[in-house]
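Novice: model the structure of this input:
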Amino acid sequence: MSANLPVALIIGMGPGLSAALAQRFAEGGHAIAGFARSPEKSAALAAEMAEKGQKLDMRAVDAGDFTMLGTAVRAVEDQLGPIEVLIYNAYSATPAPPSQIPLDALVSDFRVNVGGALAAVQAVLPGMQARGRGTVLLTGGGLALDPTGWLPASSLAVGKAGIRNLAQSLHKEMEGTLIRVGTVTVTGQILPGTSLAPETIAQRFWDLYAMPAPAPVEVIL
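Specialist: Take a look at the predicted model:
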């Protein structure tokens, strides 16, 4: 992997959207680093990207472990180069309506759904501020807009509401700088061959990243 390529870090790597994101940003000239609890699930993607002359650097990281997350971010920057783009696509969900979800499960899910995103942002932000540029993109969900359509996803709904709030708050905090923060809010099920196919959504992430400033904080699909 060339040290001259800008680095895009994708947290929550695996099949589906994150795989499409890795391929889209690699096609856009980025070196890709991926964090996942089970990085072996991305072996096929790494092989496919290697055939195209692209390299996916996968690392075993639990997004709910903030110390591990911060250490892993620093390791990527030390070994691969500055992180120019952070994409947070990790999530955790415990199936239960709000009246029945165990409180410990809600808190544990929130650590991954929102806490990990903020921990990752805080880890990459000093470098971005020192360089005067950078991009943070967070994967949002339609449950943040209406949590009532799928009540058993209550912990994920709380998390996506938190991600949306975090994106808007960070966007406002970074206003007037060249550090951009945005969220792509996906309002349905991600399925190949539909308007919410992984490749289609990944392109919208890229479009938001490539959009001239000032860019909107949210794209709703």
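
Novice: flag every buried residue along the helix or strand bottoming out on mean pLDDT in the chain.
Specialist: Lowest by mean pLDDT, DSSP states H and E among the helices and strands of the chain is helix 43-51, with a mean of 79. Neighbour counts over helix 43-51 (16 or more other Cβ atoms under 10 Å) mark Leu45, Ala46, Met49 as buried. C-beta coordinates here come from the backbone N, C-alpha and C atoms, glycine included.

Novice: what does that helix contact?
Specialist: For helix 43-51, contacts defined as Cβ atoms under 8 Å, 6 or more residues apart in numbering pick out Pro15, Ala19, Ala22, Gln23, Ala26, Ile32, Lys55, Leu56, Met58.

Novice: 7 Å - rerun?
Specialist: Ala19, Ala22, Gln23, Ala26, Lys55, Leu56, Met58 (Cβ atoms under 7 Å, 6 or more residues apart in numbering).

Novice: next one: phi and psi at the residue nearest in space to the middle of the chain?
Specialist: Nearest to the mean C-alpha position of the chain, by Cα atoms, centre = their mean, lies Tyr88 at 1.6 Å. Main-chain dihedrals, Tyr88, degrees, to the nearest 10: phi -100, psi 110.

Novice: please name the nearest non-neighbouring residue to it.
Specialist: Spatial nearest neighbour of Tyr88, chain neighbours left out: Ala117 (4.4 Å); criterion: Cβ to Cβ, 6 or more residues apart in numbering.
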